[in-house]
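**Student:** structure, please.
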Amino acid sequence: MRLTRTRRKFGCEVNITPLIDIVFLLIIFSMMVSQFTKLQVEKLLLPEAHSGRDPRGGADGRIVVNVMPTGRIVVSGRRRSAESLVGLLAVEAEQRGAGNVCVVIRSDRRTPWAAVGPILQACAAKQIARVKVAVRPPGETAQP
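**Tutor:** Sure, this is the predicted structure:
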C-alpha cells in the first residue's frame, strides 16, 4: 500500500482591492481640491507688475478676495458686501490669530481704487499684516 503525500502549496497572493480603493479615494480627493481652488479664483484681468514674488504655497489661513471691475466683492464664489467682508476678517483674525491670516486681493485692472481701499483699511483695522495683491508678469496671458 502506497501512501501518497499531498504536496502543500505555499504561495503568496497579493490582494489589490485595498490598493484600488485607495487610488479611487485619491482621485476623488484631487478632484474635490481642484474644484475648491477654482471657487476662490474669478476670471479677472489682473494688473501687470515688473517685479514681485510668487505667493504660492502656504495656503493655510489664506483668504482670496476678488474685486470685480464694478467694485463687487467675491470671496469663495459668494458675493459679499464690504461690511460682511469686515465681519469675515474679524472672525478669521479671532479664530486663527491676526498673524496667521493672509489676505490675497485679486482686483481687475479696471477696478477703481475706491473699491480696493476699504479692503486694505479693514485688514489694518483687524491688524492683519499679511496682505498681498495678485498681479501678472508683463506679456503673460490674462487667464487667472
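
**Student:** and I128, how many neighbours does it have?
**Tutor:** 22 (other C-beta atoms under 10 Å). (Glycine included, C-beta is placed from N, CA and C.)

**Student:** ok, it - contacts?
**Tutor:** L89, A93, A98, V101, C102, V103 (C-beta atoms under 8 Å, 6 or more residues apart in numbering).

**Student:** please repeat the previous calculation with a cut-off of 7 Å.
**Tutor:** When contacts are counted by C-beta atoms under 7 Å, 6 or more residues apart in numbering, I128 touches L89, A93, A98, V101, V103.

**Student:** out of those, which is nearest to L45?
**Tutor:** Of all the contacts of I128, L45 sits closest to V103, with 20.5 Å by C-beta to C-beta.

**Student:** need phi/psi at the nearest residue in space to P118 that is not next to it in sequence.
**Tutor:** Take P118 and drop its neighbours on the chain: the residue closest to it by C-beta to C-beta, 6 or more residues apart in numbering is A82, 5.2 Å away. Per-residue torsions, A82: phi -60, psi -40 (degrees, to the nearest 10).

**Student:** how close does A82 sit to T17?
**Tutor:** 53 Å (C-beta to C-beta, to the nearest Å).

**Student:** go on, I73?
**Tutor:** Distance from I73 to T17, by C-beta to C-beta: 48 Å.

**Student:** higher neighbour count, the two?
**Tutor:** I73 (21 against 7).
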